[in-house]
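[1] Take a look and give me a structure for this.
(chains A and B)
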There are 2 protein chains.
Amino acid sequence: MRISLIGSGNVATHLGAAFKNAGHTIVQVYSRNANHAALLAYHLGAAPTNDLACLTAETDIFIIAVKDDAIANVARELTKYQKILVHTSGSTSLEVLSDCTPDAGVLYPLQTLSKNKEVDFSVVPLCIEDTGNNITDKLNELAYTVSKSVYRVNSEQRRTLHLAAVFACNFPNYLYTVAQQLVEQSGLGFELLRPLILETAQKVQVAFPGQVQTGPAARKDETTMAAHLQMLDNDPQLKELYKLLSQAIIKMDNAGQGRK
Amino acid sequence: MRISLIGSGNVATHLGAAFKNAGHTIVQVYSRNANHAALLAYHLGAAPTNDLACLTAETDIFIIAVKDDAIANVARELTKYQKILVHTSGSTSLEVLSDCTPDAGVLYPLQTLSKNKEVDFSVVPLCIEDTGNNITDKLNELAYTVSKSVYRVNSEQRRTLHLAAVFACNFPNYLYTVAQQLVEQSGLGFELLRPLILETAQKVQVAFPGQVQTGPAARKDETTMAAHLQMLDNDPQLKELYKLLSQAIIKMDNAGQGRK
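    Have a look, this model is predicted:
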């Protein structure tokens, strides 16, 4: 397919590379920032532009990977081309596009993407939704050219997935930072914690997290929890977080969802 | 070395297997529960016992891997053998043993260990501490026979490591459960989240978590955070957790420790 990318952020960068590797042609890359457009376009063998008015109609699909609150405006600008419009947002409904065109879709990659970190896109779950008509097959086919894990997900489910991703990725990553700060204050390095972090994630690749929950809260080890809270005395926010998470683990365990 | 294992839980099981694989002799396995002692002893080619009075003096070292609050009592029982006493606890000081014997040490594996999940022990950080004298070299040597990552860590640092491990492992694992419950309520499966969880942990194997923090809080995306909080309206505890963690990420980012 001939693909035009609207945006030059993390999602545009990784999706663009995956499409190119799968043999599609990236026609143009748009970014408000001319340098960003030029850089990504260079990598994808595409033409750069920083002017929506300069987009070519010689394309099959516009993939809109811009900030959530800019999607509607961009979509309105693209309506005149009468091409398929697809956005990549977890928390934006399909309607934002289907209000503009009958051929609209969503292609949401459920992964944490950073520009300078390559990912194996073939194992990234791609969540797709569309307006039906004749674009269901096209979008399906396009998705399977870059990923083995394609799921049909409606707008409400996608919103929930996005929320779940915050709990599964963004919040754990923040807790890694807390752990790093604690060990560094103690004169030790983050490298001591890396194997533990990796093993924790690897365990739930084959099990469910409730089956492998360990630690003082799961053991209802009140002595250790009290000692930990005392160590956090000088950081009330962190202390509150420790309490809240420990109580939740104890509650979950009592509800029979804990480790076996 | 001739090693006697006191305990038959996760740590005793994994340490015992690692020592055996490294060529040491596991002399005896003690557990209050005779069946547990028999099972682990069988796997390690050792003799089982459920009676501390039946331990043999024909050993070089007793490794005490029992619950934290039982360590002191067990150590007093073992004093008469005049052998090296080592415990494996993150939150118990060396003094608990050195009060009993001049040859005491700690061997704390910084990893989440579950009985039915094998781990590559050679990459598990082993945190060691001892009373000096002539056992420093012995403990060092023993540690390096099973792990490439051996760190000298004092009792206070080890307590901090144990607290950090709760933030790096136990709390993230609980958040995985939250994410699972959210997607399942929406009719989707946990398998959609597994690649995201793994990638999040893999990213911090080469970077620091502050450099790869993503998500609505890191972007200060107030619209999405407000929408997420509304989705959690029926779960006040989870809503509070979302607020607390998001505020902490925003605060961290403002302090210049966030993503670059």
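[2] Tell me if I'm right that residue A:252 and residue B:180 touch.
    No. Between residue A:252 and residue B:180 there is no contact under Cβ atoms under 8 Å: 11.0 Å. For glycine as for every other residue, the C-beta is placed from the backbone atoms N, C-alpha and C.
[3] Between these two, which contacts overlap?
    Here residue A:252 and residue B:180 have residue A:210 as joint contacts, going by Cβ atoms under 8 Å, 6 or more residues apart in numbering or on different chains.
[4] quick one, phi psi at residue A:109?
    Backbone torsions for residue A:109, taken as degrees, to the nearest 10, come to phi -80, psi 120.
[5] That should have said residue A:2, apologies.
    Torsion angles, degrees, to the nearest 10, at residue A:2: phi -90, psi 120.
[6] One more: the one 3 residues further on?
    Residue A:5 has phi and psi values of phi -100, psi 120 when expressed as degrees, to the nearest 10.
[7] now residue A:49
    phi -150, psi 150.
[8] Who is residue A:63 paired with across the strands?
    Under the criterion DSSP bridges, residue A:63 forms beta bridges with residue A:5, residue A:86.
[9] Can you give me the neighbour number for it?
    Neighbourhood size, residue A:63 [other Cβ atoms under 10 Å in any protein chain shown]: 24.
[10] Tell me how far residue A:169 lies from chain B.
    Between residue A:169 and chain B the computed distance is 4 Å (Cβ to the nearest Cβ, to the nearest Å).
[11] Not counting its neighbours along the chain, what's nearest that residue?
    residue B:200 (4.5 Å; Cβ to Cβ, 6 or more residues apart in numbering or on different chains).
[12] ok, now which ones touch that neighbour?
    Going by Cβ under 8 Å, 6+ apart, residue B:200 touches A:112, A:168, A:169, A:172, A:173, A:201.
[13] By neighbours, which of those wins?
    Going by other Cβ under 10 Å, residue A:168 tops those with 32 neighbours.
[14] Go ahead and list the helix or strand containing the closest residue to that one other than its chain neighbours.
    Closest residue to residue A:168 apart from its sequence neighbours, by Cβ to Cβ, 6+ apart: residue B:179 at 3.8 Å. In the assignment (DSSP states H and E), residue B:179 maps to helix B:171-185.
[15] Report the mean confidence score over the helix or strand just after that helix.
    Downstream of helix B:171-185, the first helix or strand assigned by DSSP H and E is helix B:194-203. For helix B:194-203, mean pLDDT rounds to 97.
[16] Just give me how far helix B:194-203 sits from the chain centre.
    20 Å (Cα atoms, centre = their mean, to the nearest Å).
[17] do the same with stretch A:192-205
    Put simply, stretch A:192-205 sits 20 Å off its chain's centre (Cα atoms, centre = their mean).
[18] List the buried residues in it.
    By 16 or more other Cβ atoms under 10 Å in any protein chain shown, the buried positions in stretch A:192-205 come out as A:192-204.
[19] so where is the stretch 51-200 of chain A shaky, pLDDT-wise?
    Within the stretch 51-200 of chain A, no range satisfies pLDDT under 70.
[20] Check it for the residue nearest chain B and tell me.
    Evaluated by Cβ to the nearest Cβ, the stretch 51-200 of chain A has residue A:170 as its residue closest to chain B, separated by 3.2 Å.
[21] for that residue, what are its contacts?
    Counting by Cβ under 8 Å, 6+ apart, residue A:170 has contacts A:112, B:213, B:214, B:215, B:216, B:217, B:218, B:249.
[22] go again using 7 Å as the cut-off
    If a contact means Cβ atoms under 7 Å, 6 or more residues apart in numbering or on different chains, then residue A:170 has B:214, B:215, B:217, B:218 as its contacts.
[23] Report the two of these separated the most.
    Using Cβ to Cβ, the contacts of residue A:170 span at most 9.4 Å, a distance reached by B:214 and B:217.
[24] Same drill for those two, tell me which one is more crowded.
    The neighbour count for residue B:214 versus residue B:217, taken as other Cβ under 10 Å, is higher for residue B:217 (27 against 20).
[25] List the contacts of the helix or strand encompassing that one.
    Element membership for residue B:217 (DSSP H and E) is helix B:216-219. The contact list for helix B:216-219 (Cβ under 7 Å, 6+ apart) reads A:166, A:170, B:224, B:225, B:228, B:246, B:249, B:250, B:253, B:258, B:259.
[26] try 8 Å this time
    A:166, A:170, A:174, B:224-225, B:228, B:245-247, B:249-250, B:253, B:258-259.
[27] I'd like to know which of the residues you listed are part of helices.
    A:174, B:224, B:225, B:228, B:245, B:246, B:247, B:249, B:250, B:253 (DSSP state H).
[28] can you pull the contacts of the closest residue in space to the first one that isn't next to it in sequence?
    Yep, that's residue A:174 we're talking about. Spatial nearest neighbour of residue A:174, excluding adjacent residues (Cβ to Cβ, 6+ apart): residue B:249 at 5.0 Å. Applying Cβ under 8 Å, 6+ apart to residue B:249 gives the contacts A:170, A:174, B:213, B:215, B:217, B:218, B:258.
[29] all strands of the stretch 51-200 of chain A, in order?
    A:61-64, A:84-87, A:104-109, A:126-130, A:150-152 (DSSP state E, counting those that start in this stretch).
[30] Wait, residue A:202 touches residue B:199, no?
    No. With contact defined as Cβ under 8 Å, residue A:202 does not count as touching residue B:199 (11.8 Å).
[31] rewinding a little: ok, of the contacts of residue B:249, which one's closest to residue B:46?
    residue A:174 (43.6 Å).
[32] quick one on the thing from earlier: tell me which two of the ones in helices among the contacts of helix B:216-219 sit farthest apart.
    Longest span within the ones in helices among the contacts of helix B:216-219, Cβ to Cβ: B:228 and B:253, 17.4 Å.
[33] Which one of these two is surrounded by more residues?
    Ranked by neighbour count (other Cβ under 10 Å), residue B:228 and residue B:253 place residue B:228 first, with 23 against 18.
[34] where does the stretch 1-150 of chain A come near chain B, residue by residue?
    A:10, A:68-69, A:91, A:110-114, A:117, A:119, A:123-125, A:127, A:149 (Cβ under 8 Å from any Cβ of the partner chain).
[35] So which of those belong to helices?
    Per DSSP H, helices hold the following members of those: residue A:10.
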